[in-house]
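> mind looking at a prediction? Sequence and model below.
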Amino acid sequence: MRINKREVFGEIGYVPHAGQLLVHQSRALRRVIASGSRWGKSTCASMEIVTGLLEPSPATLAWLVAPTYELTQRVWLRVADVFQEKLPHRVKAIVPREQRIVVVNLAGGISELRGKSADRPAGLLGDAIHFVVVDEATKLRDDIWPSYLMPRLIDRRGWSLAISTPEGPGWFFEEFRRGQRNR
């Protein structure tokens, strides 16, 4: 059973613009948003996290990754605000100090989001995750995606969303080009 994102968006009062809607409608396992500032990348990513956490499942583990903990705050706070203000009955725990959110999904299972920093990659080892959102992706070292993040998704056939303002060659550019080639 898949979640009806339009229904959830209506419930929480989110109206995506045409570009954001394309991202939300995509069923690709790997999605990349490369756009300028003020496009709404963080808002789009936040709403993808909200719907990902609500997706019916016995249990879901997700990560929000950025180059530093401070940079994860922007998206993490938006997700926390949506759950606190619009879906408080689903909240089991919100722990700002740990950048952790635990909610009851639409199947009654437990879904958890953890904010992670890529500045110490050893902290990105171990867990098998259902999805990852990478913010400020161009600022990550080129080895972080293939060595630390992508392998976490394999066990669960998890999805990813990488967002950033374009900034020349690197792993983010390669992922964007891969999508452009329809791969």
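Received, thanks.

> how about the helices of this structure, start to end?
Applying DSSP state H to the chain gives helices spanning 5-12, 18-25, 41-54, 69-86, 144, 150-154, 171-180.

> measure the residue lying closest to Ala80 once chain neighbours are set aside to Val50 for me?
Leaving aside its chain neighbours, Ala80 sits nearest to Ile94 (5.3 Å; criterion: C-beta to C-beta, 6 or more residues apart in numbering). In short, each C-beta sits where N, CA and C put it, glycine included. From Ile94 across to Val50, the span is 13 Å (C-beta to C-beta, to the nearest Å).

> residue contacts, Pro16?
Going by C-beta atoms under 8 Å, 6 or more residues apart in numbering, Pro16 touches Phe9, His24, Gly40, Cys44, Met47.

> re earlier: in JSON lines, list the helices of the chain along with mean neighbour count.
Formatted as JSON lines, the helices of the chain follow (neighbours: other C-beta atoms under 10 Å):
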{"stretch": "helix 5-12", "mean neighbour count": "15"}
{"stretch": "helix 18-25", "mean neighbour count": "15"}
{"stretch": "helix 41-54", "mean neighbour count": "23"}
{"stretch": "helix 69-86", "mean neighbour count": "18"}
{"stretch": "helix 144", "mean neighbour count": "20"}
{"stretch": "helix 150-154", "mean neighbour count": "16"}
{"stretch": "helix 171-180", "mean neighbour count": "17"}
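
> ok, of those, where does mean pLDDT dip lowest?
For the helices of the chain, mean pLDDT drops lowest on helix 171-180, to a mean of 82.

> off-centre distance for that helix?
Relative to the chain's own centre, helix 171-180 is displaced by 17 Å; criterion: C-alpha atoms, centre = their mean, to the nearest Å.

> same check, this time on stretch 87-98
With C-alpha atoms, centre = their mean, you get 17 Å for stretch 87-98.

> give me the contact list for it.
11-12, 54, 80, 83-84, 100-105, 110, 114-115.

> lovely, talk soon.
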